[in-house]
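1. Pasting the sequence and the predicted coordinates here, then a few questions.
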Amino acid sequence: MADDNIEPDQASFDKGYSEDANQVNQDDLILQQSKNIEKEISDSIMLVGDKEDIMVLEQQYIGDEVYKGKVKDLARKYSNLRRTRPDGNCFFRSFGFALLESLYHLEFNSFRLIAEKSKDKLLELGFQKFTLEDFHDQFMEVVNLISKPETNEDTLVEVFNNKDYSDYVVVYLRLIASGQLQQDADFYQNFIEGNRTVFEFCRQEVEPMFKESDHIHIIALSTALDVGVRVRYMDRGDSTEAIAHDFPEDKPPQIHLLYRPGHYDILYPL
Amino acid sequence: MANIAAQRIKREFKEVIKSEEVAKCAIKLELIDDNYTELKGEIAGPPDTPYEGGNFVLEIKVPETYPFNPPKVKFLTKIWHPNISSVTGAICLDILKDQWAAAMTLRTVLLSLQALMAAAEPDDPQDAVVAKQYKENPEMFTLTARHWTNVYAGGPSKNPDFDSKIQRLTDMGVMSHDARVALSTYNWELERATEAIFT
């Protein structure tokens, strides 16, 4: 009988239930702890910070020759840095902010058209209309700010630090990336580790808030919006410069991001 | 509660009311307060499962940060299921934890829970005792889950054998729920359940 495996003693009887109760408590504790950490981070770092001189990076790496060399190299190419909150959404938030800022100088209307149409593509892919529209409307409201003469850098910083707008932009960009991955699922399947379909990957790693981004997210988003991104990698590698990767490969960069392990910030070329 | 969360729930509430699942009586959503922070959900037990014919009530709490964080959901109706605590009603479901996405809705949640009732994931259990029985003694699990559905969720299938065993224990002064828990845990072996309760 299979039930022989259930221990008949009182200890196990109690254990079954206290374990269950513990599990709940553990979950609550972990949740509470991660909430506290989240809050601590929130309080100390703006969602999108002010522009800072690129050399502020040097102060962070005093005594670290590898990083110092890379900061020097960066300073030959970039004048400024803008930090974002390291909450797992930093790539999408940095991308969103840098993209809108770049639209001051570039063709705004052609981007607006792409942004408008992005919704139809997602609907075709079977995204739920009701929530999709919510995020798209809010995203377009932020995009359209750029065409207003009274909008300046301060307006954008303010909007991106207002969670109601900022998180909506992040969610919508996540949906766009997910849509692109699903549309070209055959291609992207090759880059997905583990035994997961593209759809599962999107559900687990792209659409949920606070999930960190990898190359595959960047390729999908930049391809979907036809926006070139140059990412400068600052890591322990031997090179004396912060190596650049362009996404998609053949596209001239419209926005520049700095990657340090686990985090993205925005860079401004000289 | 932040206005944005309330606005969103208001719209979702309408969406569920109009949905075809409501028309088919598969899911139901009710407001508990006027601020849209607390709702009551109801799921019909899926056909061809031990939960068939039962009606399961859920507590739904909407955090201020909704929809960027998931709603807090638990079963108020007692249920025997590997991914739902038979004690607290707490649910182990990915979309209620780290796989929540802001594009999901309460309707998504109710339908996912209904799917979970139809296809348990015993390798990711919330209730270790139930999960063990589900894996090692599936027939006993089905009978037990059906019995709980009958007693707590208004399901149609009475189990006279189980009922009489519970009666034996309640005759000895044991509360009927405690008797049911002990018997369910020990695969309805009266002797072992009795021993567990009285030692």
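-> Received it, and whenever you're ready, just let me know what you need.
2. so how far does stretch A:255-270 reach from one end to the other?
-> Start-to-end span of stretch A:255-270 (Cα to Cα, to the nearest Å) is 13 Å.
3. Excluding covalently adjacent residues, which one is nearest to A:Gln182?
-> Using Cβ to Cβ, 6 or more residues apart in numbering or on different chains and skipping residues adjacent in sequence, the residue nearest A:Gln182 is A:Leu125, 5.5 Å away. Heads up, the C-betas are built off the backbone N, CA and C, glycines and all.
4. How many residues are close by A:Lys121?
-> By other Cβ atoms under 10 Å in any protein chain shown, the residues close to A:Lys121 number 15.
5. re the thing from before, from what I can see the residue nearest to A:Gln182 touches A:Asp184, true?
-> No. In this structure A:Leu125 lies outside contact range of A:Asp184 using Cβ atoms under 8 Å: 11.2 Å.
6. Just the residues contacting the worst-scoring helix or strand of chain B on mean pLDDT, thanks.
-> When each helix and strand of chain B is scored by mean pLDDT, DSSP states H and E, helix B:20-23 comes last, with a mean of 76. Helix B:20-23 has contacts (Cβ atoms under 8 Å, 6 or more residues apart in numbering or on different chains) with B:Val16, B:Ile27, B:Lys28, B:Leu29, B:Arg107, B:Leu110, B:Leu111.
7. model confidence over stretch A:238-252, on average?
-> With pLDDT averaged residue by residue, stretch A:238-252 scores 90.
8. Export it to CSV, keeping only CA atoms.
-> C-alpha atoms of stretch A:238-252 as CSV (Å, rounded to 0.1, in the frame of the first residue of the first chain):
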residue,chain,number,x,y,z
ASP,A,238,40.9,42.9,-20.0
SER,A,239,40.1,45.6,-22.6
THR,A,240,41.1,49.1,-21.8
GLU,A,241,37.8,50.5,-23.2
ALA,A,242,34.2,49.9,-22.3
ILE,A,243,33.3,47.7,-25.2
ALA,A,244,30.3,48.7,-27.3
HIS,A,245,27.6,46.5,-28.7
ASP,A,246,25.1,47.9,-31.1
PHE,A,247,21.5,46.6,-31.3
PRO,A,248,20.2,45.8,-33.9
GLU,A,249,23.7,45.3,-35.3
ASP,A,250,23.5,47.4,-38.4
LYS,A,251,21.6,50.3,-37.0
PRO,A,252,23.4,53.6,-36.1
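9. What residues sit buried inside it?
-> A:Glu241, A:Ala242, A:Phe247 (16 or more other Cβ atoms under 10 Å in any protein chain shown).
10. which one of those sits closest to chain B?
-> Taking Cβ to the nearest Cβ as the measure, chain B lies nearest A:Phe247 of the buried residues of stretch A:238-252, at 23.3 Å.
11. what about that closest one, distance to A:Leu221?
-> 8 Å (Cβ to Cβ, to the nearest Å).
12. Over to A:Lys77?
-> 23 Å.
13. so who does the residue minimising distance to the centre of chain B touch?
-> Central residue of chain B (Cα atoms, centre = their mean): B:Phe75, 4.4 Å from the mean position. B:Phe75 makes contact with B:Phe56, B:Val57, B:Leu58, B:Glu59, B:Ile84, B:Gly89, B:Ile91, according to Cβ under 8 Å, 6+ apart.
14. Kindly indicate whether the second one is helix, strand or coil.
-> Right, the one you point to is B:Val57. Classification of B:Val57 using DSSP: H, G, I helix; E, B strand; the rest coil returns strand.
15. how many neighbours does it have?
-> So B:Val57, with other Cβ under 10 Å, has 16 neighbours.
16. what about the host helix or strand of B:Leu169, average pLDDT?
-> Using DSSP states H and E, B:Leu169 maps to helix B:160-171. Helix B:160-171 carries an average pLDDT of 96.
17. cool, and stretch A:95-107?
-> Per-residue pLDDT values across stretch A:95-107 average out to 88.
18. That stretch: which residues count as buried?
-> A:Phe95, A:Gly96, A:Phe97, A:Ala98, A:Leu99, A:Leu100, A:Glu101, A:Ser102, A:Leu103.
19. Closest one to chain B out of these, please.
-> A:Gly96 (14.7 Å).
20. quick one: the closest one and A:Tyr168 touch, right?
-> No. Using Cβ under 8 Å, A:Gly96 is not in contact with A:Tyr168; the gap is 9.9 Å.
21. Contact partners for the residue of the stretch 101-250 of chain A at minimum distance from chain B?
-> Using Cβ to the nearest Cβ, the closest approach of the stretch 101-250 of chain A to chain B is made by A:Glu207 at 3.8 Å. Contact analysis of A:Glu207 by Cβ under 8 Å, 6+ apart lists A:Arg174, A:Leu175, A:Ser178, B:Ala101, B:Ala103.
22. one step back: just send the contacts of helix B:20-23 back as JSON lines, with neighbour count too.
-> Formatted as JSON lines, the contacts of helix B:20-23 follow (neighbours: other Cβ atoms under 10 Å in any protein chain shown):
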{"residue": "B:Val16", "neighbour count": "19"}
{"residue": "B:Ile27", "neighbour count": "21"}
{"residue": "B:Lys28", "neighbour count": "18"}
{"residue": "B:Leu29", "neighbour count": "22"}
{"residue": "B:Arg107", "neighbour count": "21"}
{"residue": "B:Leu110", "neighbour count": "24"}
{"residue": "B:Leu111", "neighbour count": "16"}
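23. Quickly find the element holding B:Phe60.
-> To be clear, residue B:60 is Ile; Phe isn't right here. Per DSSP H and E, B:Ile60 falls inside strand B:55-61.
24. And A:His245, by the same measure?
-> Using DSSP H and E, A:His245 falls in strand A:243-247.
25. Moving C-terminal from the least confident helix or strand of chain B, which element do we reach first?
-> Using DSSP H and E, the helix or strand that follows helix B:20-23 towards the C-terminus is strand B:27-31.
26. what are the pairing partners of that next one, and which direction each?
-> Using DSSP bridges, the strands paired with strand B:27-31 are strand B:38-44 (antiparallel).
27. any residues in contact with both of A:Gly96 and A:Tyr168?
-> Common neighbours of A:Gly96 and A:Tyr168 (criterion: Cβ under 8 Å, 6+ apart): A:Val142.
28. Find the nearest non-adjacent residue to the residue of the stretch 101-250 of chain A closest to chain B, please.
-> Of all residues not flanking A:Glu207 in the chain, B:Ala101 sits nearest, at 3.8 Å (Cβ to Cβ, 6+ apart).
29. ok, that neighbour touching A:Arg203?
-> Yes. B:Ala101 lies in contact with A:Arg203 (Cβ under 8 Å); the separation is 7.3 Å.
30. Neighbour count for the two, which is higher?
-> More crowded of B:Ala101 and A:Arg203, by other Cβ under 10 Å: B:Ala101, with 23 against 18.
31. Look at that one and report its pLDDT.
-> Reported pLDDT at B:Ala101 in the predicted model: 94.
32. what about it, is that helix, strand or coil?
-> Three-state call for B:Ala101 (three-state DSSP): coil.
33. where does chain B dip in pLDDT?
-> Along chain B, the model assigns pLDDT under 70 to residues B:1-2.
34. residue boundaries of the helices in it?
-> According to DSSP state H, chain B carries its helices in the segments B:3-18, B:20-23, B:106-118, B:128-136, B:138-152, B:160-171, B:176-185, B:190-198.
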